[in-house]
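Undergrad: here's my sequence, what's the structure:
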Amino acid sequence: MPDKDRIEGSGKQAKGSIKEGIGKMTGDQSMQAEGKADKAEGKVQNAVGGAKDKARDTLDKS
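TA: Here you go, the predicted structure:
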């Protein structure tokens with residue numbers, strides 16, 4: 001089962017992509033920047049979750 005951080009990170013990336021797209025369409029620079037920030041935060045959170053998964057898998061195999 002994937003780590004909770006991976007799931008939440010993927011959700012933040014999707015939300016960020018939507019915000020960024022709406023910001024581009026409407027010309028709202030602030031919303032576009034928020035979207036980019038959400039995507040970056042989601043990528044980091046997803047990476048943390050991936051590391052936790054890898055650590056858990058390694059411990060389970062020991």
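Undergrad: enumerate the positions of the top helix by length along the chain that are buried.
TA: With secondary structure taken from DSSP state H, the chain has its longest helix at helix 29-61. Under the neighbour-count criterion of 16 or more other C-beta atoms under 10 Å, helix 29-61 has 31, 32, 34, 35, 38, 39, 41, 42, 45, 46, 49 buried. Any C-beta I mention is one placed from the backbone N, CA and C, and that applies to glycine too.
Undergrad: relative to the whole chain's centre, how far out is that helix?
TA: Centre-to-centre, helix 29-61 and its host chain are 5 Å apart (C-alpha atoms, centre = their mean, to the nearest Å).
Undergrad: what is that helix packed up against?
TA: helix 4-26 (3 or more C-beta pairs under 8 Å, 6 or more residues apart in numbering; DSSP states H and E).
Undergrad: which helices and strands does the helix it packs on pack with?
TA: Helix 4-26 sits against helix 29-61, with contacts defined as 3+ C-beta pairs under 8 Å, 6+ apart.
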